[in-house]
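[1] generate a structure from the sequence data that follows.
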Amino acid sequence: MLDHPGHGVDRLAEFCGLTPSQVHDCLDELGQLMLVRASSEHPGRLRAVDPEMGLADIVARQEADIAARQAQLAASRAAVTRLVADRAEHRSAHGERLNGMDAIQSRLERLAHSATVEIIGVQPGIQRPEDLDAGRSHDLTALARGVLMRSLFQDVVRSHAHVASYAHTLLSHGGEVRTSPTIPQRVVIVDRAHALVPVDPADTRKGALYVTEPGIVTALLELFEQAWNTAVPLGAVRADDPEAGLTDHERELLRLLGTGLTDEAVGQRLGLTDRTIRRQVASIMERLNASSRFEAGIKAAQRGWL
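    Presented below is the predicted three-dimensional model:
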């Protein structure tokens, strides 16, 4: 359009090897980006905006969006700070001790029921079938409410049917599951504010300590994130597998993300939830040993996967 300002839709389609319908779709998208505008000289036609001006406008809008999000984040941080300060007066410095599995299960049920954002779980070793069954319905109910759930197991569970079945159940309902050869001690963290840790790591059935102190919870979260970032998503191909390329679906996923679309927009195009998009991107990043989506795109291109 810049090189041939007099071309209409039909001539643009012929010149670009597209159908008129495809050209209309492109014009709609360019219009949303404000890179084309109505022509004053030729009513009913569109004219291309000077790239320098058009791209400057895009950057300006993005900067405004970022500024708005930063303001929103600052307000959220202030609200969290006030909330923590208000609740700190009512917290025990040492937490609350829960004796026995019944007390632990009861507290886990209450936490799962009240969770609104995220449930994090680290499960070393091989869990008993009855222990997994006890929390299954509460986990699925939380997932159905839209609560994000991240579960970290040891690699050994992949060869134990009852644990693998439980993990795949979480996965199929929108949870995220990863495994690693070694993981931290058992811990459950809810909404980044409540944590349960065993009083005796050698025998977790003895009891647990319920902790809400921000400093302790933050330290547990950081430990979890370090282990999570090096773990492999359940069902993913190992990063050291030379045959691990991308499926057509994953290739399209990366392509759409590379255009700047949000997870929500990509999910709408592919018919997937935001959580599924995040899980699939994490799987791709693990295979590529990439620490960011941008790095994953570069490495995928370098390997000829795109």
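
[2] contacts, neighbours, all on C-alpha from now
    Noted.

[3] what is the burial count for E14?
    By the criterion of other CA atoms under 10 Å, E14 has 12 neighbours.

[4] could you point out the longest helix of this protein?
    If you go by DSSP state H, the chain has its longest helix at helix 51-88.

[5] buried stuff in that helix?
    Residues of helix 51-88 classed as buried: G54 (neighbour count, 16 or more other CA atoms under 10 Å).

[6] what's the following helix or strand after that helix?
    Toward the C-terminal end, the helix or strand that comes next after helix 51-88 (DSSP states H and E) is strand 96-99.

[7] list the helices and strands the lowest-mean-pLDDT helix or strand in the chain packs on?
    Ranked by mean pLDDT, DSSP states H and E, the weakest helix or strand in the chain is helix 51-88, scoring a mean of 72. With contacts defined as 3 or more CA pairs under 8 Å, 6 or more residues apart in numbering; DSSP states H and E, there are no secondary structure elements packing on helix 51-88.

[8] just the strands in the stretch 201-306 of the chain please.
    For the stretch 201-306 of the chain, applying DSSP state E, counting those that start in this stretch gives strands covering 207-211, 232-233.

[9] which of the ones you listed sits closest to R47?
    strand 232-233 (47.8 Å; CA to CA).

[10] any idea how far L2 is from G44?
    Look at L2 and G44: by CA to CA, to the nearest Å, they are 17 Å apart.

[11] again but with H138, I slipped
    Taking CA to CA, one finds H138 at 58 Å from G44.

[12] those two: who's more crowded?
    H138 (17 against 9).

[13] show me the contacts for the more buried one.
    Applying CA atoms under 8 Å, 6 or more residues apart in numbering to H138 gives the contacts E109, A112, H113.

[14] tell me how far the host helix or strand of it is from the chain's mean position?
    In the assignment (DSSP H and E), H138 maps to helix 129-144. Computed by CA atoms, centre = their mean, to the nearest Å, the separation of helix 129-144 from the middle of its chain amounts to 21 Å.

[15] torsion angles phi and psi at I126?
    With angles defined as degrees, to the nearest 10, I126 sits at phi -110, psi 120.

[16] tell me the spacing between it and T204.
    12 Å.

[17] between those two, point out the one with more neighbours.
    Under the neighbour definition other CA under 10 Å, I126 and T204 were set side by side, and T204 has more, 16 against 13.

[18] list the contacts of the residue lying closest to that one once chain neighbours are set aside.
    Spatial nearest neighbour of T204, chain neighbours left out: P198 (5.3 Å); criterion: CA to CA, 6 or more residues apart in numbering. Neighbouring residues of P198 by CA under 8 Å, 6+ apart: R186, V187, T204, R205, K206, G207, A208, L209.
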